[in-house]
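Undergrad: Need coordinates for the following:
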Amino acid sequence: MELYVQDKVFIASITIYYELMELRYLESFEAVVRCGGFTKAAEDLHLAQPAISSHIKKLEQELGVTLLHRSRTVTLSAAGERFLPYVRQALADLDEGKRLMRSFRSVSAGHVRVAVTPLTGKFDLVSALSRFRTRYPGVTISLRTGLIAELIHALEEGQVDVVIGPADADAANTKHLQHQQIAPEHLVLITPLAGPRRVTSLKDVATEPFICLQPDSGLRHLLNQAFATFNAQPRVEFETHSPASIRELVAAGMGCALIAHSVAEAPGPAVQVHTLSGLPPPPPISALWKPDADPPIVRCVEELAC
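TA: Here you go, the predicted model:
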């Protein structure tokens, strides 16, 4: 019998969240317990006592259990004792939700610190931030740039509020963060105009010098991963700080590079672009932020993801 009652209480707790049980029934039940009786509960909720009694009766009928023992004093039944924490948690969650929604309606001021990697794919950051400023003119924005690992660390340390760049939701360093994909991405090989016209595999240029970002960058990891598929290592002879400068060096005949397709497509120095099969997929361009971010930050992310 006790297991049966526990099961009913558990099912009722789920009902609170997913079937929207009459909120006033739950409020009346909690008030009767907190106030120690029906009369004081009615005064607390500014209702008539018969209304409180009716709410409790209907709640018990819906659950199929007795929640309160009524005599000279009102006491909780075994089922009522198990049910009460769920009710209080549900009411507290609703109050917190209402508070949060009120704060969302009144995003009139604040400051959002946005950090961006040099690689943002086809994502138009300027347009997104312009939309945000038009809707929320009282919220100021600051920008900084850096590599993704550096910026994620800054986010964790509270130095920035939103990070935009190539990031995988399943990566160990981002699993604890909120994650919103903004734009997909894929890699291509770029070579100088004077280089070979027909390249069908990375093996075709395996002995050529390569240009890439620093050793701790995501792009460098992808380059090493691509070469590892045929048990080789890239000959990186030039390191640079940005994808745009990689393309400039390739155009100058300094070597080859794996680079995001969006960078290869963007206006800039002319290079040959080769689409190869079997290249590792880069992380999508994403927005990262902390789960407990303030409303201005969340609203900013919503605009970025549009």
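Undergrad: going forward, measure contacts between C-alpha atoms and count neighbours the same way
TA: Noted.
Undergrad: How many residues are close by Ala266?
TA: Neighbour count of Ala266, defined by other Cα atoms under 10 Å: 11.
Undergrad: quick one: the strands in this protein?
TA: Along the chain, the segments classed as strands by DSSP state E run 68-70, 74-76, 110-116, 139-145, 162-166, 178-183, 187-191, 209-212, 235-239, 257-260, 272-274, 285-289.
Undergrad: Adding distance to His55 and mean neighbour count as columns, could you present those strands in TSV?
TA: Shown next, in TSV, are the strands of the chain (distance: least, Cα to Cα, whole Å; neighbours: other Cα atoms under 10 Å):
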stretch	distance to His55	mean neighbour count
strand 68-70	12	15
strand 74-76	15	16
strand 110-116	43	19
strand 139-145	45	14
strand 162-166	46	28
strand 178-183	40	19
strand 187-191	62	24
strand 209-212	69	23
strand 235-239	72	16
strand 257-260	62	26
strand 272-274	71	19
strand 285-289	43	24
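Undergrad: Which one of the ones you listed lies nearest to Ile297?
TA: Taking Cα to Cα, strand 110-116 is the member of the strands of the chain nearest to Ile297, at 5.9 Å.
Undergrad: orientation of the closest one relative to strand 162-166 in degrees?
TA: Angle, strand 110-116 to strand 162-166, by axes from the mean of the first three to the mean of the last three Cα atoms, to 10 degrees: 20 degrees.
Undergrad: what are the pairing partners of strand 110-116, and which direction each?
TA: Strand 110-116 has its sheet partners listed here by DSSP bridges as strand 139-145 (parallel), strand 162-166 (parallel).
Undergrad: where in the protein is pLDDT low?
TA: Flagging of the chain using pLDDT under 70 yields the residue ranges 1-21, 100-108, 121, 169-173, 306.
Undergrad: Now do the domain split for it, please.
TA: Using automatic domain parsing, the domain parsing of the chain gives 2-105, 110-184+284-305, 187-274.
Undergrad: Report all helices and strands that the longest helix along the chain contacts.
TA: For the chain, the longest helix by residue count, based on DSSP state H, is helix 78-105. Applying 3 or more Cα pairs under 8 Å, 6 or more residues apart in numbering; DSSP states H and E, we find helix 78-105 packed against helix 2-18, helix 23-35, helix 295-305.
Undergrad: ok, back up a step: what about the strands of the chain, which gets the closest to Gly36?
TA: Of all the strands of the chain, strand 74-76 comes closest under Cα to Cα, at 6.6 Å.
Undergrad: chain center to that closest one: distance?
TA: Computed by Cα atoms, centre = their mean, to the nearest Å, the separation of strand 74-76 from the middle of its chain amounts to 44 Å.
Undergrad: one step back: between the longest helix of the chain and helix 295-305, how many degrees?
TA: Going by the same axes, to 10 degrees, helix 78-105 makes 70 degrees with helix 295-305.
Undergrad: Going by neighbour count, list what's buried in helix 78-105.
TA: Neighbour counts over helix 78-105 (16 or more other Cα atoms under 10 Å) mark 78-80, 82-84, 86-87, 90-91 as buried.
Undergrad: mind putting these in JSON lines, distance to Gly110 included?
TA: Output for these, formatted as JSON lines (distance: Cα to Cα, whole Å):
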{"residue": "Ala78", "distance to Gly110": "49"}
{"residue": "Ala79", "distance to Gly110": "47"}
{"residue": "Gly80", "distance to Gly110": "44"}
{"residue": "Arg82", "distance to Gly110": "43"}
{"residue": "Phe83", "distance to Gly110": "41"}
{"residue": "Leu84", "distance to Gly110": "39"}
{"residue": "Tyr86", "distance to Gly110": "35"}
{"residue": "Val87", "distance to Gly110": "35"}
{"residue": "Ala90", "distance to Gly110": "30"}
{"residue": "Leu91", "distance to Gly110": "29"}
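Undergrad: Right, I'll call it a day here.
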